[in-house]
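Chemist: Just a sequence and a predicted model for now, questions to come.
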Amino acid sequence: MKLERLTQIVMGHPKLVIGIVVAISIFFMAQFPKITIDTDPKHMLPATSPVRQYNDKIEKDFVLHPDVIVLGIVNTDGIFNPQTLKYIKDLTDAVRQIPGVIVRDVDSLTSVENVFSKEGELVVKPALADIPQTEEGLSALRKTILDNSLFVGRFISSDGKAVAIFIPIEPTANGKEIADNIRAILPKNPGQNHFYLAGDPVARDTFGTEMFRQMGFFSPIAGLVMCIALMCMFRNVVVIIAYMSAAMIGIIWSMGGLIGLGFPVHIMSSMSPVFLMAIATDAVHIFNEFAFRLREGQDKRKAILETMKVVGSPVFYSDITTAVGFAALATVTIVPVKIFGLVVAFGTLVVLLLSFTFIPALLMLVPEKHILKLASAQGKEEKFYPLLLRLGRFCVEKTKPILLVGIMLFIVAMAGLSRIHVNNNMVHWFKFNSEVRTADRVMNKYLGGTSTGYLVVQAQKDSDAGDPAFLRQIEGLQRELEKDPLIGKTFSLVDYIKRVNLVMHDNAPLFNRIPDSKQEVGQYLFLLQSAAKPRHLDNVVDFSLRTANIIVQLKIWDADAMKSVIGRANSFFASHPLPEVTNFKPAGIAYFNMVWNHEVLWGMVSSFLWGLVLVLILLVFVTRSFLWGILSFLPLLFTIALIYGVVGLIGKDFDMPVAVLSTLSLGMAIDFAIHFVGRFQQRYKEDPRKPGGDGWASNSPSHLKEALIWTVARPGKGIFLNAILFALGFAVMVFAALTPYITVGVFMAAIMVLSSVMSVIYLPALIQLWHRKLIK
Amino acid sequence: MKKMLSVPVILFLLFVSGSLIKNTYAQDTQSGKTAMNEMLLAYYYPQTDAKSEISMRIVNRQGQVRERRLTMLRLNETPGGGQFYYIYFHEPADVKGMSFLVLKHLGRDDDRWLYLPAIDLVKRIATSNRRTSFAGSDFTYEDVSGRALDEDEHVLTGDENLGAYSCLVVKSTPKRPGEIEFSYMKFWIDKTTHLSLKVEHYDLKGKLYKVYETQEIQTIQGTPTITKAVMKDLENERYTEITMKNVSYGAGITSDIFQERLLRRPPRQWIGE
């Protein structure tokens, strides 16, 4: 093993090695100030992706703002009172002063024109101009506003209890900062009025800011928890320093490298520190064995070398498999996931390198008496040992029942797996009662919906979109879409045309329809151009009257909701074919979320399968045996099946964080099997009490059992310690305020505990079962 | 003794300079208002009546084009006072025959009527908003018919040459801010013709968002007349080009054609097919 040579060289110059490591760390640390962050879900897809390019084109062509904050005002007594109306007016004016807000396109009842018919005259005036002070005035205003179907569900709720102010922001502006600025100007004693801030930029940028606060808070806490756990296990400061510095250096090198190369930090890579801290716990195997060796009376230098000799190989291969598992993420098209996989893979390799260089060097520098304390502390821990011995005996003797339980669990897991539901919802990344999620829920309760999709319908030639037949088809599609309770409002050129037809005919209900002649449509359109802001009309139809845009408001951020929109549109066009409609294409943030959600799934599934294959190949290589490779592989497979079975059974969506974890769990959960099998094989070969013959030739059942029990008890202790440490580190993330972190925390803890148990319990059972084939 | 003297001297100087500054300011607003008034008269009120054929090209950021062709008849009640407008659309084909009648009043809302041939309907329009788009272009209704002098505070901010033209620069700030989407406008007014050659619109945060530019001036019947101009919307990346053709002044347009019932039967004497 060449790495042992490396360790020997290192131990000759411990100070030099530590000096070099520190110097490199300072270089990587110097990159940190250059940090940039990116939380835009659109950047999940590469800039060259056709979906992203088409979406950009649609936003440009229809002058749609990609980033719009929605300020909602809810008054359960109704908003038609002088106080609330004044809030609407004042806030519409005030938000315009906020830097980053696109001033002229702020839309609310005070800025849009209401066109209505009054005593035979066509009245055009802002929907909310002068605030009436009398009851009659207020109820008249209520009537003119709620009568306008263009406003209901968009600017005002149909029950008149909620209004919305739409605040488009510059693409470069930070949604959270603007949201904070808006919060600062909200009235202090609003009485019955409640204010809510929703919209994609608020959620996205709040998440970005929170993400760093959470990671800044939980990374050290996770580190602290792991240190305390290590302290309890080893009662030695040296161990903690060695572990912590290995983890910190791994984090500094990989994050520094990421930032230094100019990549922005996304939600996924923000979690790398916690992952690396957990990966660094692999060093526990070194400490565990080192302590055993010391207690057996070896001197420090020899103990280190001997430790590295026996633990070196499993540590090497388990870190390599971990790195492979993460690197498999590089095959995914989702850019942030790809980067995250490579960052953690790199960090893992750094940790691996440190295990063979920095950690032995550090142990060399520690005075003998501290080390001796470690040895004696370990001695006191003997009581852990008999418990594991008993567990070992149990595993070896109750092979059949253990395997039976396993098979039953596996069947349950399969049932769960079949029920997995793939979905993603960005707002659900916040906790139920968080400000962002509450605002979103309230806005969706009253208004058409905070998530937006577009259906762009293109006619065969110019001016065809003004054809009544074409418009009727659009209208039919809208009514079909609105049958879905999650689609709150749809909005198109049709709504404008019908509105003009109605008011031109003095609100005679008969005329609330699409006119019969193209000429009439054309003249109404002409009128609209003079009455509305030019941009409003440009949002729904292009100049040449060829392409119409249907704006679909969704009440939920689920990727599934947009799937339903597309499904309904497809079936509608299938049953109502018209030559005019050459094609329709979806776009908008809702569609975007749907696409990358789909990409995440298939990207993850394929990289997961790749990861499985790679790990299996590696295992076969490590164990130099196909059968042993499969054997070590089974606990991992079992763990993953169980975990995702539970995900399916409890009905948790298979969303982005969960999907990413699937690939991660690979490399991490396999470590224990590698350690177990590696150490068992060594023990079986070396056991001085072996009854006769040499090495593998010996096939005595009692010898086999003894070696298994020893493996469960001694390296098994390292495995459990590692798993507990790991689980504790992740478990603190349960207290995070963002749900993806909670998910990651729970999952990783579960995977670790489960895979350690699976390895230690099922490997002895399987080895027993197959020992004739395994050990020839 | 010297000190005693110096105090009243300083006070006197302060007083004089103070009133001087005040005077210059007053003169500036005065001359700003004068310049603006001259511009309004030259731009919107030349001669007693006028007939012109107007073509508009509206271009969006995709490069798509909408075209309009219309005839506009104008009659002044008094110079700088009320006006009558009759606007008849020839193109595009589906709006042919649509017409507008506007009786512009100072100090109160205009009277406006609209005729829609598709449903043969004359409708009176009640609105106080003069900032809506004119026929879907980047010009507002107010850009076409003029903004009342008293609505803004006009300050002469200096002289500037715009190409070969020597211009006065006037900054106009609305007297009732908050009701309007711009915080101020800046006019470049040609000293000889009094026509505005360039107008910049600044939004509520002081950012330039719209620019008007005169592109061609012809002298017709002794009256300098803008025959080509453009309005650019910088944010939405749209612009509208406007071209005046067959302009004639003093043609003898009479007030009796500005009647709502005549919207159905446009005066063929003035408006061709």
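Modeler: Perfect, thanks for sending it.
Chemist: Just give me the neighbour total for residue 57.
Modeler: All of this refers to chain A. 13 (other Cβ atoms under 10 Å in any protein chain shown). The C-beta positions use only the backbone N, C-alpha and C, and glycine is treated the same way.
Chemist: try again with chain B
Modeler: Counted with other Cβ under 10 Å, residues neighbouring B:Arg57 total 15.
Chemist: Identify the residues contacting it.
Modeler: Residues near B:Arg57 by Cβ atoms under 8 Å, 6 or more residues apart in numbering or on different chains: B:65-67, B:240-241.
Chemist: would you list the residues you listed in CSV and tack on distance to chain A and neighbour count?
Modeler: Shown next, in CSV, are those (distance: Cβ to the nearest Cβ, whole Å; neighbours: other Cβ atoms under 10 Å in any protein chain shown):
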residue, distance to chain A, neighbour count
B:Val65, 7, 12
B:Arg66, 5, 19
B:Glu67, 10, 12
B:Thr240, 10, 25
B:Glu241, 14, 19
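Chemist: Among those, which ones are in helices?
Modeler: Assigned to helices by DSSP state H, none of the contacts of B:Arg57 qualify.
Chemist: Same list, the residues you listed, but as JSON lines with pLDDT and distance to A:Arg142 please.
Modeler: Below are the contacts of B:Arg57 laid out as JSON lines (pLDDT from 0 to 100; distance: Cβ to Cβ, whole Å):
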{"residue": "B:Val65", "pLDDT": "90", "distance to A:Arg142": "42"}
{"residue": "B:Arg66", "pLDDT": "89", "distance to A:Arg142": "37"}
{"residue": "B:Glu67", "pLDDT": "90", "distance to A:Arg142": "42"}
{"residue": "B:Thr240", "pLDDT": "94", "distance to A:Arg142": "37"}
{"residue": "B:Glu241", "pLDDT": "95", "distance to A:Arg142": "43"}
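Chemist: Mind pulling up the pLDDT for residue 69?
Modeler: As the question left the chain open, I've gone with chain A. The score at A:Ile69 is 91. That number is its pLDDT.
Chemist: wrong one, chain B
Modeler: Note for B:Arg69: predicted pLDDT of 93.
Chemist: ok but it is inside a strand, no?
Modeler: Yes: assessed with DSSP: H, G, I helix; E, B strand; the rest coil, B:Arg69 lies in a strand.
Chemist: hang on, the earlier thing: filter the contacts of B:Arg57 down to the ones in strands?
Modeler: Among those, DSSP state E puts B:65-67, B:240-241 in strands.
Chemist: Just name the closest of the contacts of B:Arg57 to A:Ser111, please.
Modeler: Nearest to A:Ser111 out of these is B:Thr240 (Cβ to Cβ; 22.0 Å).
Chemist: need the contact list for that closest one.
Modeler: Counted by Cβ under 8 Å, 6+ apart, B:Thr240 has contacts B:56-59, B:137-139, B:230-231.
Chemist: what two of those are the furthest from one another?
Modeler: Between any two of the contacts of B:Thr240, the greatest separation by Cβ to Cβ is 13.4 Å, found for B:Val59 and B:Phe139.
Chemist: now the strands: where do they sit in chain A?
Modeler: For chain A, strands defined by DSSP E occupy the ranges A:68-75, A:113-118, A:121-126, A:162-168, A:193-198, A:451-459, A:487-491, A:547-554, A:581-587.
Chemist: what about residue 202, how many residues close to it?
Modeler: I'll assume chain A. Residues lying near A:Val202 (other Cβ under 10 Å) number 30.
Chemist: sorry, should have said chain B
Modeler: Neighbours around B:Tyr202, by other Cβ under 10 Å: 17.
Chemist: How about A:Leu261?
Modeler: 11.
Chemist: Which strand residues bridge residue 69?
Modeler: With no chain named, the answer covers chain A. A:Ile167 (DSSP bridges).
Chemist: That was the other one, I meant chain B.
Modeler: B:Ser55, B:Glu91.
Chemist: if we can go back for a sec, please tabulate the strands of chain A in CSV, including the columns mean neighbour count.
Modeler: Shown next, in CSV, are the strands of chain A (neighbours: other Cβ atoms under 10 Å in any protein chain shown):
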stretch, mean neighbour count
strand A:68-75, 23
strand A:113-118, 19
strand A:121-126, 18
strand A:162-168, 25
strand A:193-198, 21
strand A:451-459, 23
strand A:487-491, 23
strand A:547-554, 25
strand A:581-587, 18
